[in-house]
Structures are given as structure tokens and as C-alpha cells.
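Chemist: predicted structure and sequence below. I'll ask about it afterward.
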Amino acid sequence: MNEPKSLKSSQLSAVHRMLAFNNDCPEPPPTSSSNNTPQTYDHYYPAGSAHNQWKILIYDTACRSIISPLLSVSDLRSRGVTLHLLLESNRDAIPDVPALYFVSPTPENLALVAQDCASGLYQCAHVNFVSKVPRPLMEDFARLCVSGNSLEKISSLHDQYLEYVCLEENLFSLNKVDSYVTYNGPTSDAAIEASMQDIALGLLSVVATLGCIPIIRCPANGPCEMVARKLSDLIANHPNLTATGGGGGLGSGGGRPMVVICDRNSDLITPLQHTSTYQALIDDVLDHAANRVTFDIPAETPAKGRLPPKPVEKQYDLNPDSDPFYYTQKFNPFPEAIECNGVELKEVSQREAALRFKAHDGSGSSDQMPPDSAGADLAHAVDSLPRLLIEKKQLEIHTSILQAVMNEVAQRDIPTLYELESSLATKEQADLNQVKTDVLGIVDGKGTLMDKLRVICVYSLACSKAPSTDIDEVVEALQTQVDTTAAVVRATGTSAAKKELAAQATTLQNGIKAIQYVKQLRSMQMIPQMDFSTHAKVTTPDTGNEFLSTFMKQAQNQATGFLAKATDTIGSMLGKIHKTEATRVLQNLVGYVPQSEDDTYLYLDPKSSNSSSTAVNRGDVNVASLRGRRPPVRDAVVFMIGGGCYAEYQNLQMCLRGGDKDGASSSSIGSLRSITYGSTELVNPTTFMNQLSKLS
């Protein structure tokens, strides 16, 4: 059975078609190559040819966020894009080149496009809306074009249904900022309704790109049901949805996919917890957004009497799908990524040295081999060296990133924080006094102020039986520690340290507000009771005790300097990955587990919607009537309203990749070919803490 196209691949295909002015280009002719090698096919026609015309791409900020993870500048160039400009920027006239617009259907954007056409900036305009344009806006746009006498400038208009950002093959975001605040804060009903409609439209774009009609599951009541019903109606009202693109996407050759819509309130711990995997740690401890990571490298120790130089800022664009090392290691425990980076870098360096020796020596041991063989060996060395250097450069980039993450991990003692939080989230705490003592120990230990505030939040959420006074005591201890440190800094600190005090005060104030909000949820009993028996460990063959001891031995033998010092503290981060709430719910739904969410979640089928159904129950299906008649679910989309995180995404992928080791339950998650994870926005723990603080 052929593997289905991923969401990112399907979106990329739709963007390629858009850049071809929404035409299906024929396959390019074969190009012959030398040395009697087989004929190959170029991926695109040459830029500027009849099937790949030169063009200017004009997009707004939202659509730029969609394009950026999919196509680099060189990729755009190969598709005939000579310039890519923001719609809102000042742009010069280029009247002999067609313009391809990719914009959101807003009155402001339509007015700017109409103004460009009236001014004759470009030869013609191919207008592509990221989502369906409402009829009133289309009529307004037509009036603007007619009044500007520029209707003939519009060559085409298309609704693309691409209103989401795909960061990886199976990861997407709707980029709805402050989404958790939107539906949990003091917002009007009309604003919430509009927000839920926007989310449903974003999910409609995902479904349209994949090109198949899913089954929708969600909890009853609340924002999930609102979005699910709106999505079901939107799909039902578009009978030709599968023709919009994404052929061969999820569901191809294996039944219909399942879309599971979840509420962030069902699990507030996961987006706050400290993590242990490489990619999630990058997102937590470094400046990371849209696959771009930024960090400072400490400068070398200055000579005596000289001022210390400023740290050097490094910025790298990571591609989680095409970077071999990152693709392999992003879900692995951080220590394992360190070890693999060292092993691979050593191996590549040895291969480089061997190739350089062959290239320099001409043929290596040429006296003992025929001239033809020696020449072929030399040609292979010359051809292989550039590719090897690119591979080495990628590994060296990850070495720098690993070192930056390691600095943070050791300085903040993240393994200790991770260990305590994992224990709180996965085990029922019998001795509440001991738990409070452990948390107070974190307050007095290493870690940034935000680290400690996060631990207190997790403590408040996980230990629902802990008295509110215990939480207050921990917060007061943190407040006292901050005040004491501030007094010392004011008396003896540098000017830079004194400036930092204001930022620390703001962080503490917002953190306490977030904790107060969590306490409000506790008092209203709005925090779900945790079933600790379901938090089974997800292991992989390399995360057992044998691997841990092997790694520690190797790290102690191989590592030098800082890495050797940090080895002991990071060892505890191995083999301790547990199922998140989203993973557990998905397992029950795709496994059709009795007396679980499969019984209580709504089951909406857009294909079952018809005009005779009422607005309330349109598309509803009685799950009990389907017992024993449902085919296995092969592909799933898990969508989180209120913000998602890399830890949650990776937990789902690790269960799919590594195989759930819980015996009989493993078959339910193992029946899936793919799990696509999406959310209203991707948030790191600090961002989510700041959102919680806005609700107190």
C-alpha cells in the first residue's frame, strides 16, 4: 500500500500549482546526461520557459508565514519568482511582468490590489485568496476595479484554501495569537463565535488540502463542539471539496481519516512542563519560531585589563524534514542527540580526510591499481567531497545548537525540574508535605525565575488535593527569594544587573497572576481529575537502563570540558517519556475502546449531513449503532484549541514511531499510518504562562 502524502507535501503541491498560475503543467521532457547515465527528469521546467514564466509574488504578512516554511528564496527563483514583496510595502512599477497575489480576503488587501491594478504597476494580476472570499467583499472588489477602469488587469481569481502554516510534514498551526485567552477570557459571545468560525475555516483549509472528507470526533459542549459543528457544516456545503487539491493525501487507500478536536483545558500541564527531547528543548530554552533558532555564543575570555566582548549571535534555519540529523534526532532524548552528533561528526571528518588524501595524492596507492581504476577513484573523491562538506556543516550547526542547549540545561538544572514535574504529572502523590518540600527545594535551587514559576503552576495543577495554603506558602518563598536578591543587587550590583531587576519584577508579577488563575480553576473544580493509571511510559529500544549506562560510560570517556560536567545531570532525562492526555484520548478513539472517550465524544460525519437535519444535530451519528462495523482508522489529525506545543506533538509521533509497549493497547495506536498534529498556535512554556497571566 502506498504511503499517503503528508499535509505539508499536499500544501506544497497546491502552492506549486498556484505559482504556475493555477495550471497543471505537463511533465518536463527528459534531460540526457553524460557518462551513459540514465535519463533524469527535472523537477521543474527552467525558470522563464513557457511552462514556468517569470513573475512577481506579492503577499501579505499572514501568507508570507505560509510560504516561508515551504519554499526558500532559491526554490521561489526556480519557480520563476523574480521578486517577492509584501503587499503593504512601497513597490515600484514593473509593467511588463505579471503579478501573482497571495493574500487574505480583507477589505484593506482588496483595496490595495485594486489600487495596484488602477495604477498599472504590473502587466496583469493573478489574485489568489488564502481562504474563501465572502461574496460582499468580492462585490466590493469588483466595484473598485470598475471604478478604477482596471477590470481588464485581473487575469484570474482563485480561493486557495491554504489558511494554515505547515512547519513539518505532520505539524501545522493556524497562527491565532493569544488563542487560549480568546475563549477563556471576558470575551463577548459575538467575539467567541467569530473566533470559532475562524478556527473552523482554518481546519476547512486543512481538509481541502488533504482532499478527503474526515470523521470528526470531539467532546460535547464548549469550544470543541462549536468548531466541530461549524467545520462539519462547512465541509457538507462544499460537495466538490475533494477536487480542490491534495490528491493522494490522508485517507487514500485506507479509509477516511479521523479529525480529533481537543480543548487545551483538558491538559494544562503539558505546555508548561520542562521537556527532555532535542527539538522540544530547543523550543523551550532557545529563541525558536517558525523553524528558525537564535542564540548567543559566549565570547572568549578577554585579555587582562580589557572589557569582555559581547556574545556573538547565531541564527540558523532548521528544516526538520530534509536535515538528516535533525529528522532522526528531533524526537530523541537530548543526551542521545549529543552522542549521535559526536559519532556522526567524527565519522564525517574521517571520510573527509580520506577523500582529501585521495584528491591530493591523485590516486592513493596508484602503483598497485590500474590507471582507469585510479582515475575513477579520484573522480569519485572530487564529486563526493562537496556533498560531504555540506553534511559536515549541518552537523557542526547542530553541534553549536546542542552546546547552546546544554549551557541552558546545566545552568538551570533542567533535569531536576523535569524529574519533579514528571513525577507530579504521572504519579498520585500520597505525601503532600513531601511534595511541598520538594517544590520549595526547587525554589531555593537553580533555574530561572520563569522555571520556578512553571514548577509551581505544574504543582498547582497536578496536586489537586494540595491545600491552597501550601501553594501560597511556595509563592511567598519565591517572592522572598526575589526580594532578597533584588536588595543585594541594588546595593552592590552593576548597572546592567539593576536594569534586569525591572524585567524580573514583571516576570514575577505575571507568573503570580498565572498561578492565581490556576487556583481559580481549582476552586471552581474546572481542572480535570488526573487518572494516573493511564500515564503509561512510552519507551523505545534505546532508552532502557542498558542504554543509559552505556551512554553515561561513553559520555564520561569521550566528553571534555563542559559536556563532561553536565553528563551526570542530564542522564536522568532518558527513558522517562509518558503519554500525554492527547495521546491517551487518540488511543481510545482510534482503538474503539469501550467505556472511554469513544463512548462520550461526539461523532460527526459531514457526509451524513442533509437538508432535513436540524441545525443542532446535523451530521451526528450514534456511535452505538456502529459497533463492530467501523473499519480501522489509518490516519488521524489531532487539533488543539487554545494552543499546542512541541512536547505534545512529539509525544504523539513517538507513540506512532516507537510503538506503544503496553501490551494489548499497542495495537490501537499501531494501526495508524500517520498522525498529524495541529493547533490554533504553537506556544512555548513562557508564552503560555503569559497567556494564563492575562486571565487572572
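Modeler: On my side now, so go ahead. Residues are numbered from 1 along each chain as shown.

Chemist: ok, and what's touching stretch 174-181?
Modeler: Contact with stretch 174-181 is made by 62, 65, 163-165, 182, 195, 198-199, 202-203, 264, 641-643, 678-681, 683, 688, 691-692, 694-695, as judged by Cβ atoms under 8 Å, 6 or more residues apart in numbering. (C-beta placed from N, C-alpha, C; glycine too.)

Chemist: buried ones in that stretch?
Modeler: Neighbour-count burial for stretch 174-181 flags 174-176, 179-181 (criterion: 16 or more other Cβ atoms under 10 Å).

Chemist: among the residues you listed, which are located in helices?
Modeler: Taking DSSP state H, the ones among the buried residues of stretch 174-181 that sit in helices are 179-181.

Chemist: tabulate these (a markdown table), appending distance to residue 594 and pLDDT.
Modeler: Output for those, formatted as a markdown table (distance: Cβ to Cβ, whole Å; pLDDT from 0 to 100):
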| residue | distance to residue 594 | pLDDT |
| --- | --- | --- |
| 179 | 33 | 96 |
| 180 | 32 | 96 |
| 181 | 37 | 96 |
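
Chemist: list the backbone torsions phi and psi for the nearest residue to residue 184 once chain neighbours are set aside.
Modeler: Nearest residue to residue 184, sequence neighbours excluded (Cβ to Cβ, 6 or more residues apart in numbering): residue 695, at 5.8 Å. Note on residue 695: its backbone torsions stand at phi -100, psi 0 [degrees, to the nearest 10].

Chemist: what do you get for residue 288?
Modeler: phi -140, psi 120.

Chemist: my read: it touches residue 683, true?
Modeler: No. Counting by Cβ atoms under 8 Å, residue 288 does not reach residue 683; the two are 11.6 Å apart.

Chemist: and the two? which has more neighbours close in?
Modeler: residue 683 (26 against 21; other Cβ atoms under 10 Å).

Chemist: contacting residues for that one?
Modeler: Residue 683 touches 180, 271, 643-645, 691, counting by Cβ under 8 Å, 6+ apart.

Chemist: okay, now the closest residue to residue 330 other than its chain neighbours: neighbour count?
Modeler: Using Cβ to Cβ, 6+ apart and skipping residues adjacent in sequence, the residue nearest residue 330 is residue 279, 3.8 Å away. Close neighbours of residue 279, defined as other Cβ under 10 Å, add up to 23.

Chemist: can you check residue 146 too?
Modeler: 11.

Chemist: what helix or strand is it located in?
Modeler: Using DSSP states H and E, residue 146 maps to helix 135-147.

Chemist: who's in contact with that helix?
Modeler: So helix 135-147 is in contact with 105-107, 110-111, 113-114, 117-118, 133, 151, 153-154, going by Cβ under 8 Å, 6+ apart.

Chemist: tell me the one among those nearest to residue 467.
Modeler: residue 106 (50.7 Å; Cβ to Cβ).

Chemist: the closest one and residue 58, how far apart?
Modeler: Per Cβ to Cβ, to the nearest Å, residue 106 is found 14 Å from residue 58.

Chemist: those two: which is more packed in?
Modeler: residue 58 (26 against 14).

Chemist: can you confirm the more buried one is in a helix?
Modeler: No. According to DSSP: H, G, I helix; E, B strand; the rest coil, residue 58 belongs to no helix; its state is strand.

Chemist: filter the contacts of helix 135-147 down to the buried ones.
Modeler: Buried, going by 16+ other Cβ under 10 Å: 105, 110, 113-114, 117, 133, 153-154, out of those.

Chemist: so of the residues you listed, which ones are in strands?
Modeler: residue 154 (DSSP state E).

Chemist: picking up where we left off before, just the buried positions in the helix holding residue 146, please.
Modeler: Applying 16+ other Cβ under 10 Å to helix 135-147 flags 138, 141, 144-145 as buried.

Chemist: and stretch 476-496, by the same measure?
Modeler: For stretch 476-496, by 16+ other Cβ under 10 Å, it's 477-478, 482, 486, 493.

Chemist: where does the stretch 551-696 of the chain have low pLDDT?
Modeler: Counting by pLDDT under 70, the stretch 551-696 of the chain has low-confidence residues at 551-577, 609-619, 658-668, 670.

Chemist: can you give me the helices for it?
Modeler: In the stretch 551-696 of the chain, the segments counted as helices under DSSP state H, counting those that start in this stretch are 562-570, 581-590, 597-600, 646-658, 666-670, 685-693.

Chemist: other SSEs contacting the longest one?
Modeler: Meaning helix 646-658. helix 278-285, strand 537-538, helix 581-590, helix 666-670, strand 674-679 (3 or more Cβ pairs under 8 Å, 6 or more residues apart in numbering; DSSP states H and E).

Chemist: show me what the third one is packed against.
Modeler: Same thing as helix 581-590. Helix 581-590 packs on strand 258-263, helix 597-600, strand 635-641, helix 646-658, helix 666-670, going by 3+ Cβ pairs under 8 Å, 6+ apart.

Chemist: which one of those lies closest to residue 503?
Modeler: For residue 503, the closest of the helices and strands packed on helix 581-590 is helix 646-658, at 25.1 Å, according to Cβ to Cβ.

Chemist: quick one: that closest one to strand 674-679, angle?
Modeler: Helix 646-658 and strand 674-679 are oriented at 180 degrees to each other (axes from the mean of the first three to the mean of the last three Cα atoms, to 10 degrees).

Chemist: quick one: the helix holding residue 146 to chain centroid distance?
Modeler: 37 Å (Cα atoms, centre = their mean, to the nearest Å).

Chemist: what is the rounded mean pLDDT of it?
Modeler: Average pLDDT, helix 135-147: 95.

Chemist: next one: stretch 449-462
Modeler: Stretch 449-462 comes out at a mean pLDDT of 96.

Chemist: quick one: that stretch to chain centroid distance?
Modeler: That offset, for stretch 449-462, works out to 23 Å (Cα atoms, centre = their mean).

Chemist: low pLDDT regions in the stretch 1-150 of the chain?
Modeler: 1-3, 25-44.

Chemist: closest to residue 9 among the buried residues of stretch 174-181?
Modeler: residue 174 (19.2 Å).
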